[in-house]
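> Below is the sequence, then the predicted model.
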Amino acid sequence: MSWKKWVGWLGVLCLGVLGLVIMTGASHPSRPAKVLRIGILRVPNDVAAARQRGDLQQVAARHGYRIKYYSFDSGVDANKALMANSVDLATMGDTNAVVAMAAKIPVKLVWVNDVVGSNEQLVVKRQLKIQRPQDLAGKTIATPFASTSHYSLMMYLKMHHLLGKVRLLDMQTTEIVAAWRRGDIDGAYTWEPSLSNLTHAQTLTDSRALARTGHLTANVTLATNQFRRQHPQALRWVLQTWGAMHTLKRTDSVQIDRLTGQFLGQTARQARVQIGTARWVAPADMATFMTRDFTPQFNTVAQFMGAQQTLNSHPTLQDSQRFIDAQYCERRK
């Protein structure tokens, strides 16, 4: 066979192989993206900002993942979803994270979304003319039980020797607003946006002031042990994306206000009020903050809740140390 015929046959063979490859590829499409399931609360935090800007969706797509969000009204619902393995990550107040630890849900606390500040307050009706904490004796105060607001309220009452002297009612945030308008309650410890709907209110304290007295509260993210084991790199880039929002808050807080406002269907100004003095820890400081500063505070919350018999076990400091896992956070270089 001449070299010309050989080259010709070789060309036909190559075209045939190429066609087979194309047909094979068409019959076996690329693998579908892995789904990363995130439980969120409708609050103006780092998750909301990243979701609205599309950062996490873009990063996920580059790594072959697709993000699916689930909205929860409370940390109680988020814990139920984690227990059922219906989500991989979920945000909640740290009091509900204590509940998850005590209930031995197979999760770890991997991120502090924000340290609560003026976005949670103890307010009373202005017409009551409360002059000092002791004037609260005999009054009716509502708060969502087992929440960060509930813990902060209890710490305030304890500091001023008012435990057992104030009538406490367990209400969800929407119920608090309705009860306030009906005149059923004298005050409330709650968070935004219900806080702004309590008209003619007088602020007695907020969670930033209580943090200064050693009673810090925070909103946190829990990750299932299964997700941590099977997708450790995915967890790292999720936290890096949220950490970028913490940096953006320092460099361009107006953009954070706009993004979180859009997420909530509000104006940037309304979102800024809801964020208040909440602290978004710098990503480079997060690992140290979680292990050195936050863990002892988390343990204090756990000890208090255990003493109040709101837990089905009595976690120790060692339990808190094992539960809080900062290995996926960025490290200061």
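It's in.

> next one: the one helix or strand Gln318 maps to to chain centre, how far?
Assigning secondary structure by DSSP states H and E places Gln318 in helix 317-323. The chain centroid and the centroid of helix 317-323 are separated by 20 Å, computed with Cα atoms, centre = their mean, to the nearest Å.

> now what about that helix, what contacts it?
By Cβ atoms under 8 Å, 6 or more residues apart in numbering, the residues outside helix 317-323 that reach it are Ala97, Met101, Lys108, Leu109, Thr291, Thr295, Pro296, Phe298, Asn299, Ala302, Pro315. All C-beta atoms are positioned from the backbone trio N, CA, C, and that covers glycine.

> what's near enough to touch the last one?
The one in question is Pro315. With contacts defined as Cβ under 8 Å, 6+ apart, the neighbours of Pro315 are Val98, Met101, Ala102, Asn299, Ala302, Gln303, Gly306, Phe323.

> For this structure, name the helix or strand with the lowest mean pLDDT.
None of the helices or strands of the chain scores lower by mean pLDDT, DSSP states H and E than helix 3-27, at a mean of 41.

> and which of the contacts of Pro315 is nearest Met159?
Comparing the contacts of Pro315 against Met159 with Cβ to Cβ places Gln303 closest, at 16.2 Å.

> and the gap between the residue nearest to Pro106 when sequence neighbours are not counted and Lys34?
Computed as Cβ to Cβ, 6 or more residues apart in numbering, the closest residue to Pro106 that is not its neighbour in sequence is Asn225, at 4.4 Å. In this structure, Asn225 and Lys34 are 17 Å apart, going by Cβ to Cβ, to the nearest Å.

> what does Asp94 give?
Between Asp94 and Lys34 the distance, using Cβ to Cβ, works out to 29 Å.

> what do you get for Arg53?
For Arg53, the distance to Lys34 - Cβ to Cβ - is 22 Å.

> Pick out whichever of the two has more residues nearby.
Relative neighbour count places Arg53 above the other of Arg53 and Lys34, with 20 against 13, counting by other Cβ atoms under 10 Å.

> who's in contact with the residue positioned nearest the centre of the chain?
Of all residues in the chain, the one closest to the mean position by Cα atoms, centre = their mean is Thr91, 3.0 Å from it. By Cβ under 8 Å, 6+ apart, the contact list for Thr91 reads Gly39, Ile40, Leu41, Asn45, Val47, Ala78, Asn113, Asn219, Val220, Thr221.

> Show me the strands in the stretch 51-200 of the chain, by range?
If you assign secondary structure with DSSP state E, counting those that start in this stretch, the strands in the stretch 51-200 of the chain sit at 65-72, 89-93, 107-115, 120-125, 140-143, 167-170, 187-191.

> which residues are in contact with the fourth one?
When you say that, I think you mean strand 120-125. Here strand 120-125 has contacts from 130, 136, 139, 141, 148-149, 152-153, 156, 180, 186-191, 195, 198, 200-207, 217, using Cβ under 8 Å, 6+ apart.

> what angle sits between it and strand 89-93?
Following axes from the mean of the first three to the mean of the last three Cα atoms, to 10 degrees, one obtains 40 degrees for the angle between strand 120-125 and strand 89-93.

> can you give me the offset of strand 120-125 from its chain's centre?
What separates the centre of strand 120-125 from the centre of its chain is 23 Å, taken as Cα atoms, centre = their mean.

> Report the inter-axis angle for that strand versus strand 187-191.
Between strand 120-125 and strand 187-191, the angle comes out at 150 degrees (the same axes, to 10 degrees).

> again with the longest one
Orientation note: strand 107-115 sits at an angle of 110 degrees relative to strand 187-191 (the same axes, to 10 degrees).

> Just the C-alpha atoms of strand 107-115, please, in CSV.
As requested, C-alpha coordinates have been extracted for strand 107-115 and formatted as CSV (Å, rounded to 0.1, in the frame of the first residue of the first chain):
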residue,chain,number,x,y,z
VAL,A,107,-22.9,18.3,64.0
LYS,A,108,-20.1,20.8,64.8
LEU,A,109,-20.1,24.5,65.2
VAL,A,110,-17.8,25.8,62.3
TRP,A,111,-18.5,29.5,62.0
VAL,A,112,-19.7,32.6,63.9
ASN,A,113,-21.8,34.6,61.5
ASP,A,114,-22.1,37.6,63.8
VAL,A,115,-21.8,38.6,67.5
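
> Show me what it is packed up against.
helix 46-53, helix 94-102, strand 218-224, helix 225-230, helix 232-251 (3 or more Cβ pairs under 8 Å, 6 or more residues apart in numbering; DSSP states H and E).

> same thing but 6 Å
Of the remaining helices and strands, those touching strand 107-115 by 3 or more Cβ pairs under 6 Å, 6 or more residues apart in numbering; DSSP states H and E are strand 218-224.
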